[in-house]
Structure formats: structure tokens, C-alpha cells
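K.L.:
coords please:
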Amino acid sequence: MSARVGQTSGTNEEETTPLTIGEDDGMTRADDESYVERLPKWFSPKRLLCLFCLVAIALYVDRGVVSSAAVSGQPPGGNDDQAASSSNANAKGYGLQGEFNVDYAEYGVLQSVFVIGLLVGAPVFSELSRSVNAFTLIAIGLGACAVGDLGCALSPNFRFLLLMRIIIGVGEASFVALAAPFIDDHAPKGMKTRWLSYLYLCVPFGVALGIVYGGIVGTYLGWRFAFFGNALLLVPLFAFCATSEPIDLRKMKRSETEQQQQQQ
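P.N.:
You can find the predicted model right below:
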């Protein structure tokens with residue numbers, strides 16, 4: 001008798017308990033269906049990966065630009081060996097360092113000051129993703145980077161340039177903090193690690209591309225045009241992310257659902 005009761009209760013439990021989707025996903029099938037309905041028409045996991053790879057390359061091209069010798073230039077007087085030659089080019093300097101009379105130590109600060117914005121922005125964007133759509137936050141970050149690069153191109157002095165580099169770090173923080181969770185959500189089963197490797201391979205590729213790009217543009221058009229061109233590169237990516245229907249973080253949605261169920 002007890003065995004029959006156990007079998008009956010087990011059957012009822014299977015009928016009333018929602019099925020889960022996948023081994024790693026705690027969302028129910030009903031939750032997953034409602035989530036899929038809100039995905040934009042352009043979306044597919046591979047398209048999202050390609051978009052984020054393009055964003056990563058564009059963001060880190062800036063890092064290569066600021067490291068390019070043609071952009072950084074040389075301070076007035078050059079180094080000791082060149083100063084001895086007392087040529088006109090060495091006396092005046094060239095590039096960013098020559099225009100703002102920045103020595104090598106100060107330029108080292110310029111290259112690394114973005115970390116301030118990155119360290120401040122990453123935890124802020126992570127916390128904001130609890131109440132603001134994460135895809136929208138990435139768009140905001142791209143806009144900040146575009147503004148920062150444009151500000152670098154138009155900088156009237158070295159202090160303003162430092163401020164723009166910090167703003168770029170803040171904008172980059174949104175992508176650093178939130179891109180990987182999207183890949184974790186949408187990569188096919190068994191492909192998450194590979195897809196993350198594709199994303200992070202774009203970081204050194206973007207830096208290397210920026211060094212080459214900065215060298216060419218900085219040599220023929222000047223260092224300001226190198227930053228201006230990178231700002232233009234970010235504008236279409238910002239426009240797409242800002243105007244397209246945003247994507248939810250699936251695990252964030254799941255945690256919100258669980259909280260609502262606990263409150264009920």
C-alpha cells in the first residue's frame with residue numbers, strides 16, 4: 001500500500017514540477033520560453049560573439065594608438081644622444097610629447113592613467129547591472145570611450161588629455177565587467193571556454209592593430225587624427241548597441257525570478 005502511494009506521489013511530482021533547461025541552467029522551461037520571446041530579431045549567439053569581438057578590437061585599438069611611437073613622439077630635446085646632435089627636430093620635439101612638452105615619465109602616467117577609470121567603473125557597472133539592462137550599460141560605456149577618444153583628439157593641454165584617458169577607462173570597464181557574462185549565458189554547451197578565448201584573443205590583436213594604425217596615421221596626419229579615427233570607429237558600434245533592442249542577462253533574470261518567488 002505504501003509502495004503504491006509512493007509511486008502515485010512520484011508521478012504527481014513529475015507532472016507539477018517544471019522541467020529545467022540544460023544541466024547548467026536553473027531556469028525553468030516556461031521561464032526560458034518567455035526569455036526567448038524578448039530576444040531581438042538580429043540576435044543569435046554567433047552574432048553576439050562577433051559583435052563583442054568587434055567591440056573588443058575597437059576598444060583596444062585605442063590602447064595601441066597611445067603606445068604608438070608616432071603618436072607619443074618625442075619631447076623637446078629628445079634623448080641624450082639626440083640632444084647632442086642639437087638638430088631642429090630634436091630641439092622642438094614632435095608628436096604628443098613635443099606639442100605638450102611632456103617628458104617620458106609623464107607620458108608613462110598618460111599610458112596607465114586609464115586604470116583609475118577601469119578600477120572605479122568595473123564594480124559600478126557590475127552593481128548597476130542589477131537594475132539597468134547590461135547590454136544598455138555596454139552601449140553607455142562605448143559612448144564614453146568614443147567621447148574620450150574625441151576629447152583626446154581635441155585636447156588643449158596635457159591635464160585635459162589625462163582626464164579623457166580616465167573617461168576611456170570608465171567606458172572600457174562596462175565591457176570588461178559585462179561582456180563575459182553574456183558569453184557565459186549564450187555560448188553553446190561545451191563551447192563557453194572556446195568562445196571566451198575568441199573574445200580575449202581580440203584584446204592583443206586590437207592593441208597590435210592600434211600600434212600599426214597609430215604609426216601610419218600619426219606619421220602622415222598627426223597624432224590627433226589617430227585618436228579622432230578611433231572615435232569614428234566606435235560610433236557605429238555605440239549606435240547599434242544603443243538603438244537595438246537590448247538583451248537580458250539570463251542568469252540575472254533567473255536570480256530576479258527567484259527573489260520574487262521567495263518574497264511571495
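K.L.:
dump the residue contacts of residue 211.
P.N.:
Residues in contact with residue 211 (Cβ atoms under 8 Å, 6 or more residues apart in numbering) are 64-65, 67-68. In short, each C-beta sits where N, CA and C put it, glycine included.
K.L.:
how many neighbours does the residue nearest to residue 62 when sequence neighbours are not counted have?
P.N.:
Nearest non-adjacent residue to residue 62, counting by Cβ to Cβ, 6 or more residues apart in numbering: residue 230, 5.2 Å away. Using other Cβ atoms under 10 Å, residue 230 has 29 neighbouring residues.
K.L.:
Same question for residue 45.
P.N.:
Neighbourhood size, residue 45 [other Cβ under 10 Å]: 15.
K.L.:
In contact with it: list those residues for me.
P.N.:
Counting by Cβ under 8 Å, 6+ apart, residue 45 makes contact with 186-188.
K.L.:
which one of those residues sits closest to residue 240?
P.N.:
Compare each of these with residue 240 using Cβ to Cβ and the shortest gap goes to residue 186, at 17.2 Å.
K.L.:
Chain neighbours aside, what residue packs nearest to the closest one?
P.N.:
residue 45 (4.4 Å).
K.L.:
Per-residue confidence, that neighbour, what does it come out as?
P.N.:
What the model reports for residue 45 is a pLDDT of 93.
K.L.:
what's the answer for residue 33, then?
P.N.:
47.
K.L.:
what does the average pLDDT come to for stretch 202-218?
P.N.:
Per-residue pLDDT over stretch 202-218 has a mean of 96.
K.L.:
Go ahead and measure how far that stretch is from the middle of the chain.
P.N.:
Computed by Cα atoms, centre = their mean, to the nearest Å, the chain-centroid distance of stretch 202-218 equals 17 Å.
K.L.:
Just the buried positions in that stretch, please.
P.N.:
For stretch 202-218, burial by neighbour count (16 or more other Cβ atoms under 10 Å) applies to 202, 205-207, 209-211, 213-215, 217-218.
K.L.:
nearest to residue 142, of those residues?
P.N.:
Using Cβ to Cβ, residue 206 comes nearest to residue 142 of these, at 13.8 Å.
K.L.:
Distance-wise, check that closest one relative to residue 181.
P.N.:
Using Cβ to Cβ, to the nearest Å, we find residue 206 at a distance of 21 Å from residue 181.
K.L.:
Equivalent analysis for residue 194, please.
P.N.:
Applying Cβ to Cβ, the value for residue 194 to residue 181 is 17 Å.
K.L.:
and these two? which has more neighbours close in?
P.N.:
residue 181 (16 against 11).
K.L.:
Any stretches of the stretch 51-200 of the chain with poor pLDDT?
P.N.:
The stretch 51-200 of the chain contains residues with pLDDT under 70 at 78-91.
K.L.:
Give me the most central residue, this protein.
P.N.:
residue 175 (2.7 Å; Cα atoms, centre = their mean).
K.L.:
Return the residues in contact with it.
P.N.:
By Cβ under 8 Å, 6+ apart, the contact set of residue 175 is 52, 55-56, 59, 138, 141-142.
K.L.:
try residue 122
P.N.:
Contacts for residue 122 (Cβ under 8 Å, 6+ apart) come out as 173, 176-177.
K.L.:
From the buried residues of stretch 202-218, pick the one nearest residue 119.
P.N.:
Nearest to residue 119 among those, counting by Cβ to Cβ, is residue 207 at 19.4 Å.
K.L.:
So that closest one sits against residue 66, correct?
P.N.:
No. Counting by Cβ atoms under 8 Å, residue 66 is not a contact partner of residue 207; they are 10.0 Å apart.
K.L.:
can I assume the residue nearest to the centre of the chain sits in a strand?
P.N.:
No. Residue 175 is assigned helix when assessed by DSSP: H, G, I helix; E, B strand; the rest coil, not a strand.
K.L.:
where's it relative to residue 100, distance?
P.N.:
Using Cβ to Cβ, we find residue 175 at a distance of 29 Å from residue 100.
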